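Peer 1: Could you work out the structure for the sequence below:
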Amino acid sequence: MRVVITAAMVVLPSLALAGQQPESLPGATNYTRVEATVACGGATSPEAFTELRSRGFAAIVNLRQADEPGADVESASRAARAAGLRYVHIPMSSSAPLPEAFDAFLGALSDPANSPVYIHCASANRVGAAWLAKRMLVDGWDRERALGEAEAIGLKSPVLRDFALEYVERQRAAGP
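Peer 2: Numbering: from 1, shown residues only. Predicted coordinates for the structure are as follows:
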C-alpha cells in the first residue's frame, strides 16, 4: 500500500499534498501547491509571474544559481517586479549546498511580506530539499512525513536529501 501512495504522490503531487485538484502553472514545470500560501516548482519562465500575481502570490523565491543554463536571474527579477511581486534570489548549489543558503531560505519564508510565496529552482529538487528542512524545523514534522512530501515536490538527489537532514540535525543540536 505504501508504494501505491508514494506513486500517487509523485504523479499527482498537488492532489496528494493539498487535498485538492491538481493545478498547473503555464510556464512552470513540476508545479505543486503544498499549502494555501505556498507553491513550489521547477523552471519557471518570467511570463508565468503575472499569473502568479493573479493567483494572489506576493513573492517569488528563486533557488537557481545565476550561472545555470536557462537561469536568467536579472530578467526574472525585473519581470517579478513588473508583475508586482517581491523577488528573493537565494543561489543554492545542487552538488554542494551550503548552510547559509538554507538559513536564507528559512529567513525568507519567515518574512510575512513574502507570503503567499512561490518557490522554484530548475527541477524542484533543491526546493524539495529546502522545504524538507522547513517542515522539520519550523513545522515540527517527523522525518518520514517531511521526506515523503519533499520527494513528491521533486527531491531526487541523495546529496541534497542528506544535506537537508544533516542541516536539520545541526540546527536541532545547536538549540534555540
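Peer 1: State the number of residues packed around the closest residue to Ser95 other than its chain neighbours.
Peer 2: Leaving aside its chain neighbours, Ser95 sits nearest to Val159 (6.3 Å; criterion: Cβ to Cβ, 6 or more residues apart in numbering). Where C-beta positions appear, they are placed from N, C-alpha and C, glycine not excepted. Other residues within reach of Val159 by the criterion other Cβ atoms under 10 Å amount to 14.
Peer 1: tell me the contacts of Gln171?
Peer 2: Applying Cβ atoms under 8 Å, 6 or more residues apart in numbering to Gln171 gives the contacts Ala133, Leu137.
Peer 1: how about the helices of this structure, start to end?
Peer 2: For the chain, the helices defined by DSSP state H cover 2-11, 13-18, 49-54, 73-82, 99-110, 125-137, 143-153, 158-174.
Peer 1: check contacts around the spatially most central residue of the chain.
Peer 2: Most central residue of the chain, judged by C-alpha distance to the mean C-alpha position with Cα atoms, centre = their mean, is Val127 at 3.2 Å. Contacts for Val127 (Cβ under 8 Å, 6+ apart) come out as Cys40, Gly41, Gly42, Leu63, Ile119, His120, Cys121, Ile153, Gly154, Leu155.
Peer 1: Which member of the residues you listed is positioned nearest Arg86?
Peer 2: Arg86 lies nearest to Ile119 out of those, by Cβ to Cβ, at 12.5 Å.
Peer 1: what about that closest one, neighbour count?
Peer 2: Applying other Cβ under 10 Å, we find 30 residues neighbouring Ile119.
Peer 1: now do Glu100
Peer 2: Applying other Cβ under 10 Å, we find 10 residues neighbouring Glu100.
Peer 1: so what pLDDT did it get?
Peer 2: We have a pLDDT of 98 for Glu100.
Peer 1: ok, back up a step: how close does the residue nearest to Ser95 get to Glu47?
Peer 2: When distance is defined by Cβ to Cβ, to the nearest Å, Val159 is 31 Å away from Glu47.
Peer 1: if we can go back for a sec, what's the closest of the helices of the chain to Glu35?
Peer 2: Each of the helices of the chain was checked against Glu35 via Cβ to Cβ, and the shortest separation belongs to helix 13-18, namely 7.1 Å.
Peer 1: average pLDDT across the closest one?
Peer 2: 41.
Peer 1: and if you look at stretch 125-143?
Peer 2: Averaged across stretch 125-143, the pLDDT comes to 98.
Peer 1: same thing with stretch 149-158?
Peer 2: What stretch 149-158 shows for mean pLDDT is 97.
Peer 1: how long is that stretch end to end?
Peer 2: Taking Cα to Cα, to the nearest Å, stretch 149-158 runs 15 Å from one end to the other.
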